[in-house]
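Engineer: The sequence and its predicted three-dimensional model are supplied below.
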Amino acid sequence: QTPKQKGNCDNKDTGVSPIQVRASKDSQELQLSLNLQENVRKVKVRYPLKENGTNEPQVEVTARYGTPGGTSSSSCETVVSPSKQTKITAFYDVKGGKQNNNQPGVMKSAAELNITGNYVMADKKKYDQVVSKWNEIFKKPAAPPPKPKTFNNRSPNGYNQKDGGGGNKKVPYYKKVKGTSFSVDAFNYGDIPGVRYYFLSHYHYDHFRGLTKHWKKPIVCSSLTKRCLVTFLKVSENLITTVDPGDERIFDQVQVSCVTANHCPGSVMFVFRLTTGQTILHVGDFRANPDMESDPLFWNQKIDHVYLDTTYCDPQYDFPSQHLAIERAVAKVEEFASRHANNRLAVLVGAYTIGKERIFKAIAKALDCKVWANNRRLETWKVLQDEEINSRIVKDRYKAKVHVIEQGKMNWKHLKDIAKQLSPGFSHVLAVKPTGWTHEKGQGNELENLKIKTGGNISFMEVPYSEHSSYSELKRFIQFLRIKDTRQIIPTVNLYQSKEMNSYFADWIRESKEKGPESQ
C-alpha cells in the first residue's frame, strides 16, 4: 500500500491502479510480484540471480486469493476465499491426492509434504505445460507496445546518466562519484572514461560482476574483500589498495575513509572528502543500525551527498531489526529442538556464499553444536578468518547439528532431497530461511507469529531477516545525517521507483524540520 491507500482496501477513488507489478532485488535473489488489489489476488515469483550448479532454474511461485476483511475500518486484513483458493491449488498442484487431469500440475510432492494454508508453492518442473495452459486462458491479443520515450539523460537529482564506458554499455550515473575520478561497483562497464580508481564495496557477485583475473585497473576495497578477490578470482594483488575502518588514504587528492556497512563480511561504506570541501558517502549495500551513529566519521563532518542502498525503500518492507529477528529465530529453534529431543534433528540454515553468517552462528552457539558446510563454503570461511565459525566446523556432516546450505535450496523440493540424503543419521530436518522477502506490511507482530510449517519429517521456517536496511532504518539514517534536500540523496537500487522514493525522502526531511533544530 502507498500512503494514499491507507484505510482504503478496495482502492476506490485513490487514483492507484488495481494491478501492481513490482520487481525487487536482494543481492542474489529477484522477486516479481503481481497484486490484483481489488480482490487481494497475489502472485509472487522468486528467481536466483546466480547459478546454483543445477540445470534447472530454482524458481519459487506463491499464489493467494482473498478478499479484504478485518475487524476495523482501517484494517486491510485478507480473508481467504476457500473456493477460489482451491482452484488456484488445483492449477498449481494436485486435487484429492491425485493429479488433476484438467490442470497441468507444477509440483507433485506438495500433498506428500502436507503443505497447507493460503499459499501454494511451485517450482518450474512443468513450466512449459503451465505456459501452454495460460496461453489458452489469455487468448485476447495483447495491446501494441507503447512508442519508445525519449531517453532522459538526467537522474531525478540532476546526475548525468549518459556517461560512456565499457564498450556499448552506458554507465549508470550512480556508479560514478560526482566530482571525482572514482567509480563504485562498476566493473561490468570495462574501462570507463574519466575513472582512475575502481572501488568495490563488498564481495557479492552483483557488485563485482565483470571483475576477472584479466582486470588491469587500480582497485580499492577492504582487506577481507581483497582476500576474496585474490583467492577466488585470481585478481592481481598489486592492483589492490585496501581501506579498512579507521584507515585514511589519498587518491587523486581525495581523502578516502570507510565505515563498516553491516551487510556481509568485508562490506564497507566509503566516505570521500573532496578538495572543494564537500563530503560524499557511498553506502554500497548496507543495513543501517543505531551503532553506526556513534562513528566519529559522521560526527566530525557534514555529509553533502549520499549514494543510498534503496533495496527496501518502500513502507511495506519495514521488517524487524536484525537483533530481534535472530533472537526470536534462535528461541524458536531451541523450542523445536527440545520437543524433538528423542529424534536426531538436523537444522539447515540458508546462506549466501558470503552473507547471513550472523543467524547460523547464533543458532550454533545456542545449541552448542558443530557446523557442516560443503567444501566450497569451507574455502570461503577459511578466507573470512572467522574463529567463531571455524572453531565449530566438522567435515563429517552426520556429526553436525547445524548444516549451512545454499539459500536457493531452501524450498520444499530441495529440502525433501536433502532430508533423504541425511536420513542415515537424522530422522527430522528443520530448515531456517533468513530472507527479507518473507515480510509483508500489515502482518502485525510477525516475530511473535513466527511459524514453523511441518510436513512429514521436514519442518520449514522463514525468518524476516535481511542484510539490507528496512524502510524505517533508511528513514532514521537519513534523518541522522541531517540531509536537508532530496537532491542530496542518490538512490542506487530500484530506480523505476524514483518518483515514489523522492516522495519518501521529502517526507523524512520535512519531519526532521518539524522536530526543530535538534534534528537538524
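Structural biologist: Here it is on my side, so go on. Residues are numbered from 1 along each chain as shown.

Engineer: Point out where the stretch 351-500 of the chain drops to low pLDDT.
Structural biologist: Counting by pLDDT under 70, the stretch 351-500 of the chain shows low-confidence ranges at 437-446.

Engineer: Check the chain too.
Structural biologist: The chain contains residues with pLDDT under 70 at 1-168, 437-446, 516-520.

Engineer: ok, now with 80
Structural biologist: For the chain, residues meeting the criterion pLDDT under 80 lie at 1-169, 300, 341-343, 436-449, 516-520.

Engineer: What ranges does it have for its helices?
Structural biologist: Using DSSP state H, the helices of the chain run over residues 82-92, 127-137, 205-208, 223-228, 296-299, 322-339, 357-367, 375-384, 387-390, 412-422, 471-480, 498-515.

Engineer: For the fourth one, buried residues please.
Structural biologist: When you say that, I think you mean helix 223-228. Residues Leu224, Thr225, Lys226, Arg227, Cys228 are the ones in helix 223-228 that count as buried (16 or more other C-beta atoms under 10 Å). To be clear about C-beta, it is placed using only N, CA and C from the backbone, and glycine gets the same treatment.

Engineer: Can you tell me which of these comes closest to Ser321?
Structural biologist: Lowest distance from Ser321 to the buried residues of helix 223-228 (C-beta to C-beta) belongs to Leu224, with 24.1 Å.

Engineer: give me every residue that touches the closest residue to the closest one other than its chain neighbours.
Structural biologist: Among residues not flanking Leu224 along the chain, Gly266 sits closest, at 3.2 Å (C-beta to C-beta, 6 or more residues apart in numbering). Going by C-beta atoms under 8 Å, 6 or more residues apart in numbering, Gly266 touches His202, Tyr203, Cys221, Ser222, Ser223, Leu224, Thr225, Cys228, Ile354, Leu384.

Engineer: Repeat that for Asn343.
Structural biologist: Phe426, Ser427, His428.

Engineer: who wins for neighbours among these?
Structural biologist: Counting neighbours by other C-beta atoms under 10 Å, Phe426 leads these with 21 neighbours.

Engineer: That one and Ala346 touch, don't they?
Structural biologist: Yes - using C-beta atoms under 8 Å, Phe426 is in contact with Ala346, at 4.2 Å.

Engineer: Between these two, which contacts overlap?
Structural biologist: Residues touching both Phe426 and Ala346 (C-beta under 8 Å, 6+ apart): none.

Engineer: contacts for stretch 288-301?
Structural biologist: Residues outside stretch 288-301 that contact it (C-beta under 8 Å, 6+ apart) are 257, 259-260, 262, 271, 273, 279, 321-322, 469, 473-474, 476-477, 480-481.

Engineer: quick check, nearest of the residues you listed to Ile418?
Structural biologist: Proximity of the contacts of stretch 288-301 to Ile418 (C-beta to C-beta) peaks at Gln322, which lies at 26.2 Å.

Engineer: That closest one contacts Arg358, doesn't it?
Structural biologist: Yes - Gln322 lies in contact with Arg358 (C-beta under 8 Å); the separation is 6.7 Å.

Engineer: The closest residue to Glu473 other than its chain neighbours: how many residues sit nearby?
Structural biologist: The shortest distance from Glu473 to any non-neighbouring residue, by C-beta to C-beta, 6+ apart, is to Ala288 (4.3 Å). Applying other C-beta under 10 Å, we find 24 residues neighbouring Ala288.

Engineer: Next up, phi/psi of Ala288, please.
Structural biologist: With angles defined as degrees, to the nearest 10, Ala288 sits at phi -70, psi 140.

Engineer: Quick check: it vs Ile478, distance?
Structural biologist: As for Ala288, its distance to Ile478 is 9 Å (criterion: C-beta to C-beta, to the nearest Å).

Engineer: Correct me if wrong: Met447 contacts Leu324.
Structural biologist: One correction, residue 447 is Leu, not Met. Yes - contact criterion C-beta under 8 Å: Leu447 and Leu324 qualify, at 6.1 Å.

Engineer: Counting neighbours, go ahead and name the busier of the two.
Structural biologist: Between Leu447 and Leu324, counted using other C-beta under 10 Å, the more crowded position is Leu447 (19 against 13).

Engineer: Please report the distance of the more buried one from Gly436.
Structural biologist: Distance from Leu447 to Gly436, by C-beta to C-beta: 14 Å.

Engineer: what's the answer for Lys175, then?
Structural biologist: Per C-beta to C-beta, Lys175 is found 24 Å from Gly436.

Engineer: do Val493 as well
Structural biologist: Val493 sits 13 Å away from Gly436, going by C-beta to C-beta.

Engineer: And those two? Which one has more around it.
Structural biologist: Neighbours were counted for Val493 and for Gly436 using other C-beta under 10 Å; Gly436 has more, 23 against 19.

Engineer: Which positions within stretch 179-197 qualify as buried?
Structural biologist: Thr180, Phe182, Ser183, Val184, Asp185, Ala186, Phe187, Asn188, Tyr189, Ile192, Val195, Tyr197.

Engineer: For the first one, list the residues it contacts.
Structural biologist: To tie it back to what came earlier, the one meant is Thr180. Counting by C-beta under 8 Å, 6+ apart, Thr180 touches Asp252, Val254, Phe272, Leu274, Ile280.

Engineer: residues touching Thr260, list them.
Structural biologist: Counting by C-beta under 8 Å, 6+ apart, the residues that Thr260 touches are Pro245, Ser267, Val268, Met269, Met292.

Engineer: Which of those residues sits closest to Glu500?
Structural biologist: Closest approach to Glu500 among these (C-beta to C-beta): Met269, at 24.0 Å.

Engineer: neighbours of that closest one, just the number please.
Structural biologist: So Met269, with other C-beta under 10 Å, has 27 neighbours.

Engineer: excluding its backbone neighbours, what's nearest Trp215?
Structural biologist: Excluding the flanking residues, the one nearest Trp215 by C-beta to C-beta, 6+ apart is Val235, at 5.8 Å.

Engineer: With Lys382 instead?
Structural biologist: Leaving aside its chain neighbours, Lys382 sits nearest to Asn390 (7.5 Å; criterion: C-beta to C-beta, 6+ apart).

Engineer: so the one you found touches Trp381, yeah?
Structural biologist: Yes - look at Asn390 against Trp381 with C-beta under 8 Å: they come within range, at 6.1 Å.
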